[in-house]
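Undergrad: Pasting the sequence and the predicted coordinates here, then a few questions.
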Amino acid sequence: MNIQQLRYIREVARSGLSVSAAAKKLHTAQPGISNQIRLLEEELNVDIFERGAKRLTGLTLPGKAVLAIAERILRDMENIRQVGEEFSNETIGAFSIATTHTQARYALPPVVKAFTERYPGVSLHMHQGNPAQVTEFVRSGVSDIAIATETLTSFEDLATLPCYQWNRSVVAPPGHPVLDEKPLTLEAIARYPIVTYDSAFTGRSKINQAFESRGLEPNVVFTALDSDVIKTYVELGLGIGLLTSMAFDPARDTSLRAIDAAHLFEPSTTRIGIRRGSYLRGYMYAFIELFAPHLTRKVVEGAMAG
């Protein structure tokens, strides 16, 4: 048994059981991966992968156990490497963040700018996806931290810390009657076609809960994965938009107007998720504190320790 074999089974599992895709990612030959996996199976006297006529079709029960242990071993090796880099050079390295479009577009730009000015020797990578993808990026070790509103608190292997709360606004073209509603009510919003977030995104559950609690059925005619798309279709006259307040900028969104709707919905909380047992370098703690000043290194380490 060797570390390379563990890397091979992990990458094959991550590549959807495609040996050729794993070989491409690892810059090696497909037969070499297949041979090393077979040697490991012979040594362990169990099949790690289920096989069809010409391809792998799944993980066996012992294979799932082996993969879980391999993941831990490889993560610990990465942690050891991170410790060495931390003490040999504290300002050079790499940092990967997984987040949603809304956070990447509206919340993170000033933080990224301040971080890159402070740590010019750190290579920063951002992986965007839906909340489920963002969570998996950090759980699998692809990213160091995740920033999202949904799903992070559902997994015990993640330490999650609240960053900030936010709420929603209604946006519409100038002159739209909804802008004259004072006070704005859910009943008034429900009278118009609504353009808002997909059900898996950006606190959509809070929107649904608010209408349900009043016995209302909102007329959602279009859903999107990000705020910019929502605003585009509101501009086209498809309906009124219901989106996070931070996504509206009067200086940029000159063809729209916004009215605050925070009194109608429960606030949502954006959180940072970190895989328990991972090793964060000093500049990673610095980034977290830039994003959420109350999350000092001491606070983050306490959360990771459980």
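TA: Right, received. Where do you want to start? All of these numbers come straight from a predicted model, not from anything done at the bench.

Undergrad: alpha carbons only for contacts and neighbour counts from here, please
TA: OK.

Undergrad: chain center to the one helix or strand residue 169 maps to: distance?
TA: Using DSSP states H and E, the element containing residue 169 is strand 168-172. Centroid separation for strand 168-172 versus its chain: 24 Å, with Cα atoms, centre = their mean, to the nearest Å.

Undergrad: after it, next one along is what?
TA: In N-to-C order, the element after strand 168-172 by DSSP H and E is helix 186-190.

Undergrad: Please save the CA atoms from that following helix in CSV.
TA: C-alpha atoms of helix 186-190 as CSV (Å, rounded to 0.1, in the frame of the first residue of the first chain):
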residue,chain,number,x,y,z
LEU,A,186,-47.0,40.8,1.3
GLU,A,187,-50.5,41.1,-0.1
ALA,A,188,-49.3,43.9,-2.4
ILE,A,189,-46.3,41.9,-3.6
ALA,A,190,-48.6,38.9,-4.3
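
Undergrad: Which parts of the protein are helices?
TA: 3-14, 19-26, 30-44, 61-88, 101-102, 109-118, 131-139, 186-190, 204-213, 227-235, 282-291, 297-304 (DSSP state H).

Undergrad: Redo those helices as JSON lines? Include mean pLDDT.
TA: Listed next are the helices of the chain as JSON lines, based on pLDDT from 0 to 100:
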{"stretch": "helix 3-14", "mean pLDDT": "90"}
{"stretch": "helix 19-26", "mean pLDDT": "89"}
{"stretch": "helix 30-44", "mean pLDDT": "90"}
{"stretch": "helix 61-88", "mean pLDDT": "80"}
{"stretch": "helix 101-102", "mean pLDDT": "89"}
{"stretch": "helix 109-118", "mean pLDDT": "96"}
{"stretch": "helix 131-139", "mean pLDDT": "90"}
{"stretch": "helix 186-190", "mean pLDDT": "96"}
{"stretch": "helix 204-213", "mean pLDDT": "90"}
{"stretch": "helix 227-235", "mean pLDDT": "95"}
{"stretch": "helix 282-291", "mean pLDDT": "95"}
{"stretch": "helix 297-304", "mean pLDDT": "93"}
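
Undergrad: Who does the strand holding residue 169 pair with, and is each partner parallel or antiparallel?
TA: strand 240-244 (antiparallel), strand 257-260 (antiparallel) (DSSP bridges).

Undergrad: Perfect, that will be all.
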